[in-house]
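[1] 3D, please:
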Amino acid sequence: MLLAVLPPVVPNPIAGQAAFNQPLSALFPNVKTNGRSCASCHILSAGFTLSPKFTKALFATNPTDPLITAALADAGPDVTQAEILARLKDQALIRVNLKNPWYNAALGAAPDNPSDLRFWRSVPTAINSGRAQPIFFTKPGTHTQTKGTIMWDLREPTLEQQAVDASRGHAQAISFFSRNLAVDVAEHERKALAIPATLYKTTPIKPKLAPGHTNPADPAFGAPLFTLATANQQFLPSTPLTPGTPAWRGFQLFLGTPAQPKCITCHNMPETLAGGTMVNRSAGVSELNKTSFPLVTFKLKDAGGSFHTVTTADPGVAVTTGRYEDLNTFKVPQLRGLAKFDRFFHDNNATNLQEAVRHYKDGLPALFGDLKGNEVNDIAAFLAIL
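    Have a look, this model is predicted:
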């Protein structure tokens, strides 16, 4: 018996651009959706994310937009329609419904055994999404090695899968999907939404590593020890940095010193200024809960096989990996194009770059507590030119 072999899919970024910007039902009459498209949430003027500035204007000028009218697509039984709309309008937050990685049906409705986990999240930027680096982990409850690449919690393995899941979830698409659709959208994102290579060194200088450190893409092994000259050449060859300016001073602070590297510890990938294969650890963006999210209690298994009952506003990557060690950690976001953003972090709690930097000064004093005077503004000035 011969098995049918499907021809290879040839990516079409032009078709992907159309599918990114228009509802699928406008392109494929047999695909029924709620009217949302990728561009409903990934807004050009907001750096291909979603901002309160945009959502407030949308509520005022076009309350019949599918982003608003289909907001209940993101709802759960524990929140009201009024809260769904208020969070969307005022904070540009979307309700994300996820499965408890260690749900045990035999335990029923135990307080620390919810089957579903629901959190409020900002829309991650689509900029440089095609350059995201995966992390590999064992899927909870199995011995299957898998990877996480996209989203704040790394739950999507590829751009193609993310396109399908967003269409079926946020856009409530049903019926037939073109085999090329996800491939085309992903190709559009890889080509059109990538920061041009002229902004970084395509053949980077190999950084020097501290003794015992083996992987320059993984801050768990320590930060690459860049000098000002090599970092400027590798990260910013065509970005105007004039010695003595606030942005130049901020660049130096971003690097820190070989003895005490700062932002470069996590944001060490030249093309994106994201975090290689790592996630933010102990960055305080979930524990501080500045946006007053409801707390969720459930169990996570540690590397030794023991379960821990945890209570958190958002477990981040732990909801994907099921690992207690990943509790309250998040994918390190890329930093290119930040000047177009007006909110920062997975919960949109920082309203400008100064607040984002100040968060680390207050939350990670071991690394940033020595910032003084205008140094917070200097780092913000550097971030604004990326």
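
[2] count of residues packed around P29?
    A total of 9 residues lie near P29 under the criterion other Cβ atoms under 10 Å. For glycine as for every other residue, the C-beta is placed from the backbone atoms N, C-alpha and C.

[3] wait, what's in contact with it?
    Neighbouring residues of P29 by Cβ atoms under 8 Å, 6 or more residues apart in numbering: there are none.

[4] assign it to helix, strand or coil.
    Classification of P29 using DSSP: H, G, I helix; E, B strand; the rest coil returns coil.

[5] all further residue positions should be reported with the first residue as 52.
    Sure thing, new numbering starts at 52, so read that last one as P80.

[6] what separation do you get for it and S91?
    19 Å (Cβ to Cβ, to the nearest Å).

[7] got it, and A298?
    On the measure of Cβ to Cβ, A298 and S91 end up 34 Å apart.

[8] same deal with L136?
    From L136 to S91 the distance is 15 Å (Cβ to Cβ).

[9] who has more neighbours out of these two?
    Neighbour count, other Cβ under 10 Å: between L136 and S91, S91 has more, with 22 against 17.

[10] from memory the more buried one sits against P117, does it?
    Yes - the pair S91 and P117 passes the contact test of Cβ atoms under 8 Å, sitting 6.0 Å apart.

[11] list residues touching both of those two?
    Shared contacts of S91 and P117 (Cβ under 8 Å, 6+ apart): none.

[12] low-confidence stretches in the stretch 302-437 of the chain?
    For the stretch 302-437 of the chain, the stretches flagged by pLDDT under 70 are 327-333.

[13] okay, strands next: where are they in it?
    Counting by DSSP state E, counting those that start in this stretch, the stretch 302-437 of the chain has strands at residues 330-331, 347-352, 358-363, 381-382.

[14] take the ones you listed and write them to a markdown table, including mean neighbour count and distance to H194.
    Formatted as a markdown table, the strands of the stretch 302-437 of the chain follow (neighbours: other Cβ atoms under 10 Å; distance: least, Cβ to Cβ, whole Å):
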| stretch | mean neighbour count | distance to H194 |
| --- | --- | --- |
| strand 330-331 | 24 | 22 |
| strand 347-352 | 20 | 14 |
| strand 358-363 | 14 | 18 |
| strand 381-382 | 26 | 24 |
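
[15] out of the ones you listed, which gets nearest to D235?
    The closest of the strands of the stretch 302-437 of the chain to D235 is strand 381-382. By Cβ to Cβ, the value is 24.5 Å.
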